[in-house]
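In: would you be able to build a 3D model of this:
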Amino acid sequence: MSRYYKKKELIVVRARIRSTIKNSGFFVKNLWKVVGFGIFFAIWAPTYVSVDQLGRSKSAMETSGLEYKELVILTAVLYTFFSFLAHFIWQKQDRKKLNRLEQRKRELEKELGLGIKKTKQETQQKP
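Out: Numbering: from 1, shown residues only. Sure thing, here's the model as predicted:
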């Protein structure tokens, strides 16, 4: 690859790093939206009525035989579990993506000779 295209790729990699950092942590940034949706979902889900092809309808309360409060608690616990699971999975994926992008950035900087500048101590030490 020519130097021109490597510089362009370096610009793109830096932009992807910034974008990944900016867009990571969805649950932390939108905590109240996630909690609000969870409350709404936990209250609404037990009363949801599904209809099959023959027109028969059953709600979750009829199907499970549990009371409304029990179903709300069960739904809230399941929603919380899956939210935490998604949070940690997406966090791990973001870390892997950032590591891969940082490694590519270092490779490109090394190829272009744009490596990390030496500190004062390194420049003062002469072999």
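
In: contacts and neighbour counts: CA atoms only from here.
Out: Noted.

In: could I get the phi/psi values of the residue nearest the centre of the chain?
Out: The chain has Trp90 as the residue nearest its centroid, 3.4 Å off, counting by C-alpha atoms, centre = their mean. Dihedral pair for Trp90: phi -70, psi -30, per degrees, to the nearest 10.

In: tell me where this structure has strands.
Out: Applying DSSP state E to the chain gives strands spanning 49-51, 57-59.

In: next, format those strands as CSV and append distance to Ala76, mean pLDDT and mean neighbour count.
Out: Shown next, in CSV, are those (distance: least, C-alpha to C-alpha, whole Å; pLDDT from 0 to 100; neighbours: other C-alpha atoms under 10 Å):
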stretch, distance to Ala76, mean pLDDT, mean neighbour count
strand 49-51, 18, 80, 12
strand 57-59, 17, 82, 14
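
In: could these be laid out in a markdown table, adding distance to Gly25?
Out: Converted to a markdown table, the strands of the chain look like this (distance: least, C-alpha to C-alpha, whole Å):
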| stretch | distance to Gly25 |
| --- | --- |
| strand 49-51 | 34 |
| strand 57-59 | 35 |
